[in-house]
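[1] from the sequence below, what's the structure:
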Amino acid sequence: MGKQQPSVDQIIEEIGGSRYTLVIAAAKRARKITEGEPAMAKPLSNKPVLIALQEIADGKVKWEEPKTGIK
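    As a prediction, this is how the structure comes out:
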């Protein structure tokens with residue numbers, strides 16, 4: 001039996017933020033994958049967003065909140 005996709009709550013714990021933080025981090029990483037950057041984990045899917053979420057859950061992608069807000 002293969003590895004299962006982690007739950008959203010598990011991924012949020014890994015990234016140490018909120019759902020908003022997770023969405024932004026996954027979208028930015030998925031864009032890089034779409035632009036040709038190789039996956040950092042063995043993909044369980046061919047969809048860039050799912051690959052990005054898997055990488056975040058595996059701890060291969062780190063995200064830091066910006067220190068200043070949008071002005």
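[2] ranges for the helices of the protein?
    Here the chain has its helices, by DSSP state H, at 8-15, 19-34, 48-57.
[3] now render these as TSV, adding mean pLDDT and mean neighbour count.
    Placement of C-beta: from N, CA and C, glycine included. Output for the helices of the chain, formatted as TSV (pLDDT from 0 to 100; neighbours: other C-beta atoms under 10 Å):
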stretch	mean pLDDT	mean neighbour count
helix 8-15	80	15
helix 19-34	92	16
helix 48-57	90	21
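[4] save those as CSV, and put in distance to Trp63 too.
    Output for those, formatted as CSV (distance: least, C-beta to C-beta, whole Å):
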stretch, distance to Trp63
helix 8-15, 5
helix 19-34, 4
helix 48-57, 8
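[5] between the ones you listed, which one is nearest to Met40?
    The closest of those to Met40 is helix 48-57. By C-beta to C-beta, the value is 5.2 Å.
[6] what's next to that closest one, contact-wise?
    Here helix 48-57 makes contact (C-beta atoms under 8 Å, 6 or more residues apart in numbering) with 5-6, 10-11, 14-15, 22, 25-27, 29-31, 33-34, 39-41, 43-45, 61, 63.
[7] now the angle from it to helix 19-34?
    120 degrees (axes from the mean of the first three to the mean of the last three C-alpha atoms, to 10 degrees).
[8] and helix 48-57 with helix 8-15, angle?
    On the basis of the same axes, to 10 degrees, helix 48-57 is oriented at 60 degrees to helix 8-15.
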